[in-house]
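> Fold the following.
(4 chains)
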2 protein chains.
Amino acid sequence: MEELTKKQDAVYQFILQSIKKNGFPPTLREIGNKFSLSLGTIQDHISLLKAKGYLKVKPNTARGYEPVSHGIPVYGKVAAGKPIFAIENIEGYVQDSYKKTEGVFALKVTGDSMIDAGILDRDVLIVHKQETAEDKDIVIALLDDEVTVKRFRRKRGKIFLEAANEKYEPIEKEFTLIGKVIESRRKY
Amino acid sequence: MEELTKKQDAVYQFILQSIKKNGFPPTLREIGNKFSLSLGTIQDHISLLKAKGYLKVKPNTARGYEPVSHGIPVYGKVAAGKPIFAIENIEGYVQDSYKKTEGVFALKVTGDSMIDAGILDRDVLIVHKQETAEDKDIVIALLDDEVTVKRFRRKRGKIFLEAANEKYEPIEKEFTLIGKVIESRRKY
DNA sequence: CAATATACCATACAAATGTATGGTAGTCAA
DNA sequence: TTGACTACCATACATTTGTATGGTATATTG
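Predicted structure coming up:
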């Protein structure tokens, strides 16, 4: 998806907010008032947002546009060495109730290293991207080109990762923290 | 919530569908066209839907109304003897991606009887109401006035409930099936 | 029976709203 | 420097859209 400029993003975010708040999109004039901009300027912005694929517009229609919503992308098993957030890895999207989907993604679990924490193979984890975490948080980390779910530990000044399955030993290797798990879901 | 008549419900459902499809509500005339009804008639229906609490209406506003959506209700611990779906028991609502929220509700887990199935205390289960289930489905059942999560078993012509925790024995008592778990969620 | 609620109609009107047109100005890359 | 893109403006216009008014008809209920 093409990048938005700051102004465009501001307008886009306002549209999202309005819909969340009112249940329907704002009119062009409502957007204009919000930013103290003229009607014509908003016309321009809407055109651009449409051109860049952020809005689907229905002509001659009051409040006739909707954000092209992608929900939260769910990444599947990530191939070693490949960038994690490659579009090829997106397996689908999940609905969210989070205000900011910015910085949030989802991941499908592979393996049984967290079963004692109630996280099973094929569960979907919703993750907030962040580079730090608290002791005992469940996190997503990059370990030797592999993405894994583990419990983050801080003990006696040491930082390491811990599985929730007695079959696995604690991991003291170097790792990169990708994010913190904020929710898990499982479909039956 | 007050009951809707058939006509009112048809109009209401159309509004929901339209929003799902277009991203914004239909105009009064669009609704009228759908049902081959006059503008005035739709005005009446909208008034009634508003009066009965199904729509929130913003005056003088194109497409200016939104369904009063409650999402999926989450029921907490149910007091013995009390009706399960009592409004007092609703702890909140979860967002859904299910087409039909009709017949779907959510329940907060109490206890540890399903830990081996990755269902922990305080998890939220999304449940589809139904009176039958397949062998090994995870179900919600009513047992002696208590609501519990268990695994539904059908074995040698017998039907019983099974915990997923070695501390608990299979339950051969009489029970009433309330529904089948279709998803579990846990927030961290 | 009368009152009330629902379900429908037609028509006129004012307000809300998208569209069209034609400008100005700044930035950035070719 | 020229062209493309973004960001802004003002104004006129046609259409979309909710609102208001005043009807008719039917079923239900006290």
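> Pop the domain breakdown of chain A in here.
Here the domain assignment for chain A is A:6-67, A:72-185, based on automatic domain parsing.
> wait, which of the ones you listed is closest to residue B:66?
domain A:6-67 (2.4 Å; Cβ to Cβ). Where C-beta positions appear, they are placed from N, C-alpha and C, glycine not excepted.
> Got phi/psi on the residue of chain A found nearest DNA strand D?
Relative to DNA strand D, the nearest point of chain A is residue A:40 (2.7 Å; Cβ to the nearest atom of the strand). Note on residue A:40: backbone dihedrals following degrees, to the nearest 10 are phi -60, psi -40.
> Redo the domains of chain A as TSV? Include mean pLDDT.
Formatted as TSV, those follow (pLDDT from 0 to 100):
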stretch	mean pLDDT
domain A:6-67	91
domain A:72-185	79
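> can you tell me which of the ones you listed comes nearest to residue B:28?
Between the domains of chain A, domain A:6-67 lies closest to residue B:28; by Cβ to Cβ that is 11.5 Å.
> Identify the single longest strand in chain A, thanks.
strand A:176-187 (DSSP state E).
> so, in contact with chain B or not, that one?
Yes: part of strand A:176-187 sits near chain B under the criterion Cβ under 8 Å from any Cβ of the partner chain, namely A:180, A:181, A:182, A:183, A:184, A:185, A:186, A:187.
> what residue lies at the spatial centre of chain A?
residue A:104 (2.4 Å; Cα atoms, centre = their mean).
> beta partners of that one?
Assessed by DSSP bridges, residue A:104 has beta-bridge partners residue A:128.
> how about the closest residue to residue A:116 other than its chain neighbours, what does it touch?
Nearest non-adjacent residue to residue A:116, counting by Cβ to Cβ, 6 or more residues apart in numbering or on different chains: residue A:164, 3.9 Å away. Residues in contact with residue A:164 (Cβ atoms under 8 Å, 6 or more residues apart in numbering or on different chains) are A:113, A:114, A:115, A:116, A:117, A:119, A:151.
> any idea how far residue A:177 is from the residue nearest to residue A:182 when sequence neighbours are not counted?
Counting by Cβ to Cβ, 6+ apart, residue A:182 lies nearest to residue A:128, which is 5.1 Å off, once chain neighbours are set aside. Note on residue A:128: its distance to residue A:177, by Cβ to Cβ, to the nearest Å, is 11 Å.
> Fine, thanks again, bye for now.
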